[in-house]
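# sequence and predicted structure, then a few things I'm wondering about:
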Amino acid sequence: MSWPIHLDGSGRRAYRKLPPPARARVDAVLRELGYDPAAGRALTGDWAGRRSRRCGSLRVIYRFADETVQVLAIGPRRSVYRRPR
């Protein structure tokens, strides 16, 4: 069963700004998350309830509930964790 992927506002903006090779890598990760949303690492602290999946030098921050994967942020590790969304 495949879960639908929903890109939130900041996730959508970050996705649109990615260069084509990075966007292709993120697309592959999003397809994987559609089939196995628990594949990412569970986050703790201020980010509790969210998960992170590596995509080369980028991270995809997301949560899943109600059979939907909601992408909250996409970005480099050094900046994507700065502020919980």
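Yep, it's here.
# which pLDDT value goes with residue 1?
On pLDDT, residue 1 comes in at 65.
# list the contacts for residue 5?
Contact analysis of residue 5 by Cβ atoms under 8 Å, 6 or more residues apart in numbering lists 30, 33, 34, 68, 69, 71. Bear in mind the C-beta positions are built from the backbone N, C-alpha and C, glycine included.
# got the phi and psi for it?
phi -100, psi 130 (degrees, to the nearest 10).
# what distance do you get for it to residue 38?
According to Cβ to Cβ, to the nearest Å, residue 5 and residue 38 sit 15 Å apart.
# could you do residue 20 as well?
To residue 38, residue 20 is 29 Å away according to Cβ to Cβ.
# what about the two, which has more around it?
Just comparing residue 20 and residue 38: by other Cβ atoms under 10 Å the higher neighbour count belongs to residue 38, 9 against 6.
# now that one. Its backbone dihedrals?
phi -80, psi 10.
# any low-confidence regions in the protein?
Scanning the chain for pLDDT under 70 picks out 1, 83-85.
# what's the single longest helix in it?
Taking DSSP state H as the criterion, the chain has its longest helix at helix 20-35.
# can you name the next helix or strand after that helix?
Following helix 20-35 in sequence order, the next helix or strand is strand 41-42 (DSSP states H and E).
# did I read that right, residue 74 in a strand?
Yes: assigned with DSSP: H, G, I helix; E, B strand; the rest coil, residue 74 falls within a strand.
# nearest spatial neighbour of it, skipping sequence neighbours?
Nearest residue to residue 74, sequence neighbours excluded (Cβ to Cβ, 6 or more residues apart in numbering): residue 14, at 4.1 Å.
# residues in contact with that neighbour?
Residue 14 makes contacts with 73, 74, 75, as judged by Cβ under 8 Å, 6+ apart.
# that's all I had, so thanks and see you.
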